[in-house]
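*Asks:* quick one, fold the following:
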Amino acid sequence: MTEAGRLTILSSVAAVDAVESVGGFRPQIKWPNDLLVDGRKLAGLLIETEPVGARLAFAVVGIGINVGQEAEDFSPEVRGLATSLRLVRGESFRRADVLVALLWAFERRLAAPFSEVREAWAASSLTLGQRVTLTTARGVKHGQAVGLDESGALLLRGDSGEVEVVSAGDMSEVRES
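*Replies:* Next comes the predicted model:
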């Protein structure tokens, strides 16, 4: 169960790898579960886990990558916030090719040491080094995203200089430090 938090990080890196393999570009990762291109959402991840005591009974990883959408396929309220492989590259892609690339990338990242996955995440991160606003179960938090710990949780340096470990939350703002 202690490694369940790593699954989101690993999954987001695998999704970035798959997009790069098929689309030829590397999206950025907005912690904890969004892939962005030029500020627009290309993909999102949802991880559901079922703990049994201190063990993980199962985990379900859901990864949604916008592949073939045109601008008019998105509702007016999200049209300016979302993108797709087709919109970014100006060409069509087969969803099956994206899925195969994702499965290969996931398998490769799953076999790698987490330190390597964490480095790949940092290299694609939109979040690290930035001032962020997070909504967590314990309230709204502000600070600078400074890294990930060994479990995949975000390290947030608050205004007092103290570093806090944030394992879950919704990031509503990212701005340059």
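
*Asks:* quick one: the helices in the chain?
*Replies:* Ranges of helices within the chain are 4-23, 85-89, 95-111, 114-124, based on DSSP state H.

*Asks:* using CSV, list the CA coordinates for the third one.
*Replies:* Below are the C-alpha coordinates for helix 95-111, written out as CSV (Å, rounded to 0.1, in the frame of the first residue of the first chain):
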residue,chain,number,x,y,z
ARG,A,95,-6.4,5.2,-31.0
ALA,A,96,-5.1,1.6,-31.2
ASP,A,97,-1.6,3.0,-31.9
VAL,A,98,-1.9,5.3,-28.9
LEU,A,99,-3.1,2.4,-26.7
VAL,A,100,-0.2,0.1,-27.8
ALA,A,101,2.3,2.8,-27.2
LEU,A,102,0.8,3.4,-23.7
LEU,A,103,0.8,-0.2,-22.8
TRP,A,104,4.5,-0.6,-23.8
ALA,A,105,5.5,2.6,-22.0
PHE,A,106,3.6,1.5,-18.9
GLU,A,107,5.3,-1.9,-18.8
ARG,A,108,8.7,-0.3,-19.3
ARG,A,109,8.2,2.3,-16.5
LEU,A,110,6.7,-0.4,-14.2
ALA,A,111,10.0,-2.4,-14.5
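
*Asks:* contacts for that helix?
*Replies:* With Cβ atoms under 8 Å, 6 or more residues apart in numbering as the test, helix 95-111 has contacts from 10-11, 13-15, 17-19, 21-22, 61, 63, 65, 67-68, 85, 117, 120. For the C-beta atoms, the positions are set from N, CA and C on the backbone; glycine is no exception.

*Asks:* that one: which residues count as buried?
*Replies:* By neighbour count on 16 or more other Cβ atoms under 10 Å, the buried set for helix 95-111 is 98, 101-102, 105-106, 109.

*Asks:* ok, now the last one?
*Replies:* By 16+ other Cβ under 10 Å, the buried positions in helix 114-124 come out as 114, 117-118, 120-122, 124.

*Asks:* mean confidence for it?
*Replies:* For helix 114-124, mean pLDDT rounds to 96.

*Asks:* elements contacting it?
*Replies:* Counting contacts by 3 or more Cβ pairs under 8 Å, 6 or more residues apart in numbering; DSSP states H and E, helix 114-124 is packed against helix 4-23, strand 28-30, strand 139-148.
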